Each structure stands twice: as structure tokens, then as C-alpha cells.
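Colleague: heads up, no residue letters with this:
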């Protein structure tokens, strides 16, 4: 029976692709959510980057830490993202996050796995940034959890989505203005509710980062809960 299951899964996938064909979010071509041609033109973040937040640095500056990170003593150990939040990547995130295109999670997780290998980040467990229960009911799913689950399938590392919770329903970060407003907006909204991450190296997953305030707020409570290190990994970052 075990040898038959992969074949059945393959047939199921083929049937779904036939009934609900995939179209590229960039050009509309059929076959994949991001076709090979559009993939080649994705806005990748190139080295050198800030060793803390992952923001691109001027190649001739000799810097290793950006000025923002020098002035802001963040708790998170570091953040990495494969793409800038623009062009086809912005379209993909929008469709995935707001248009119920959940099936895209597997393809997007591949980019996260590639970024992990390139940056050699050490971790024990994958933790998605949680949604407040009210927003989860409104959206119907947590896009960060879908990305985390897709990454787990590719890497074999487990997902923990029960330790970190969002206890306060706050204004979405996208609706805030300055960096300081973003940092203030996430103060005290997260909590680590058990000891399952004690002495663990955590990989925190979200779709997009701008100021890093949300990831850092999560890292703060995770470390208070006993996590040894917390790294953030997002599909894209707003530059």
C-alpha cells in the first residue's frame, strides 16, 4: 500500500491542476504561480547586506551593520529575506495573503529554503508569526503558518504554532506610518504561553518585513520564554 500512495498523490495533484490550472501572477501564463521567465526577473536581494536586519548595503561602504541597526538595539539575532517587496513578488504576496491563493505556499516556501541554505542559519524549530484569532477568522488562514508548513516539508524541521500567540488585536502594521509607530504598535501584543521552545533555536517565519518591529517583538517574548536564538526569515522586505 505504501508504494501506491505516492502514485495516488500524484494523480490527485494532476487532477487538481487540470480542474484548477495554475497561472503565473506575473504574466498570466499557465503552468506555475511564478513561471520560469518571471522567476528570472524577481527582485532578489544581493550581497552585501546588513548582518543584523538583512537590508542591502552599498557595495563600496565597507559596512557590515546598517545605521538603523546601530541605533536600534534589537533583540532578534538577525533577519533574512530573498526578495525586495516589489514587482512580481509584491503581486504574489498580495494574491497569497488577501486573495485566498493558499496553493501558492509550496512554491513560495522553496524560495525560503534556498535563502536558508545561502545564509547557513542554524535552527531547531520553525515558528510562524501568529494572527490574532479575530483576524484569523476574518482571513480564514494564517499565511505565515502556510509558509512555515511548506518550509517544514522541504527541510524536515518541525513547526510549532502553539507557543507564540498574538493576544491583542492591533492595527495592521501596513496602516501605521513611521518606524517608531510600527515599534509602538507591537509592544505587548505577543506572548509565549508554554515552555516548548525552552533552549530551542527558533526560526521565525513571516511573509514581509518592513521595519522588523513585528519580528523583534516576537523574538523578545520567545527569548523571555527560554529560546536560545531567534532568527527571522521572510519572503520579502520593503526597502
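Modeller: Received the coordinates, thanks. Because the structure is a prediction, the values reported are computed rather than measured. Numbers count the residues shown, from 1 in each chain.

Colleague: could you pull out the strands for the protein?
Modeller: Listed in chain order, the strands of the chain (DSSP state E) span residues 78-80, 83-84, 125-128, 164-166, 190-192, 201-209, 229-237.

Colleague: and the ones you listed as a markdown table, adding mean neighbour count?
Modeller: Heads up, the C-betas are built off the backbone N, CA and C, glycines and all. Rendered in a markdown table, the data for the strands of the chain read as follows (neighbours: other Cβ atoms under 10 Å):
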| stretch | mean neighbour count |
| --- | --- |
| strand 78-80 | 23 |
| strand 83-84 | 20 |
| strand 125-128 | 23 |
| strand 164-166 | 21 |
| strand 190-192 | 19 |
| strand 201-209 | 24 |
| strand 229-237 | 25 |
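
Colleague: Include mean pLDDT and distance to residue 217 when you put those into JSON lines, please.
Modeller: What follows is those, written out as JSON lines (pLDDT from 0 to 100; distance: least, Cβ to Cβ, whole Å):
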{"stretch": "strand 78-80", "mean pLDDT": "97", "distance to residue 217": "13"}
{"stretch": "strand 83-84", "mean pLDDT": "98", "distance to residue 217": "23"}
{"stretch": "strand 125-128", "mean pLDDT": "98", "distance to residue 217": "13"}
{"stretch": "strand 164-166", "mean pLDDT": "97", "distance to residue 217": "10"}
{"stretch": "strand 190-192", "mean pLDDT": "96", "distance to residue 217": "6"}
{"stretch": "strand 201-209", "mean pLDDT": "97", "distance to residue 217": "10"}
{"stretch": "strand 229-237", "mean pLDDT": "98", "distance to residue 217": "11"}
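
Colleague: Could you say which one of the ones you listed comes nearest to residue 154?
Modeller: Ranking the strands of the chain by their distance to residue 154 (criterion: Cβ to Cβ) puts strand 125-128 first, at 10.5 Å.

Colleague: low-confidence ranges in this structure?
Modeller: 1-20, 61, 171-177 (pLDDT under 70).

Colleague: re the thing from before, now render the strands of the chain as a markdown table, adding distance to residue 143.
Modeller: Shown next, in a markdown table, are those (distance: least, Cβ to Cβ, whole Å):
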| stretch | distance to residue 143 |
| --- | --- |
| strand 78-80 | 18 |
| strand 83-84 | 15 |
| strand 125-128 | 9 |
| strand 164-166 | 14 |
| strand 190-192 | 17 |
| strand 201-209 | 5 |
| strand 229-237 | 9 |
